[in-house]
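# 3D, please:
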Amino acid sequence: MGQVLPELDLINRVKEIKTLGKLIGLTNGCFDILHIGHIESLKLAKNQCDCLIVLVNSDLSVQELKGKNRPIINETDRCELLAALIYVDYVGLFNESTPKRLISLIKPDIYFKGSDYDLTKLPESKIVETYGGKIVSLNFLPNNSTSNIINKIKSLS
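Numbers count the residues shown, from 1 in each chain. Predicted coordinates:
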């Protein structure tokens, strides 16, 4: 089971892990209404690193990205749900629209993102490239998204 850590504790823990020569992977997202697409991506990521860190958009950040009616699940619960997964070692929260600042501080060996994103256009990719990290695209399961779940629920009413 993983741990939810405040930013400074997360950064210090990463420093400790790096001294052990462990491969650190990192991914991020809103993770609003956890679904099988999230689980499969996290499983794939964990299989490629020793320590998987998941950075979660804060409630404010999700509202800015997805609109005033989101998130459905609050940030504390989203972080705890992710930390409960066997594939996740550490969870951190960020307030910005992208985790660029935290990525530049953590400097993961591998940065994972879903294949629904163009990695060449991600601002995070540029940061990872500056210190020689690797960027890996994870297969995206079609028709598995929080938006699809919300739309299905709406169609039931």
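
# wait, S125 sits on L119?
Yes - S125 is within contact range of L119, at 5.3 Å (criterion: C-beta atoms under 8 Å). Backbone N, C-alpha and C define where each C-beta goes, glycine included.

# Now the residue most central in space within the chain: which helix or strand?
For the chain, the residue whose C-alpha lies nearest the mean C-alpha position (C-alpha atoms, centre = their mean) is N28; its distance is 1.9 Å. Following DSSP states H and E, the helix or strand that holds N28 is strand 24-29.

# now I11
If you go by DSSP H and E, I11 is part of helix 7-19.

# ok and that helix relative to strand 24-29, angle-wise?
On the basis of axes from the mean of the first three to the mean of the last three C-alpha atoms, to 10 degrees, helix 7-19 is oriented at 150 degrees to strand 24-29.

# Contacts only, for I110.
Residues near I110 by C-beta atoms under 8 Å, 6 or more residues apart in numbering: L23, I24, G25, L26, A45, Q48, C49, G133, K134, I135, V136.

# So which of these wins on neighbours?
Using other C-beta atoms under 10 Å as the neighbour criterion, L26 leads those with 28 neighbours.
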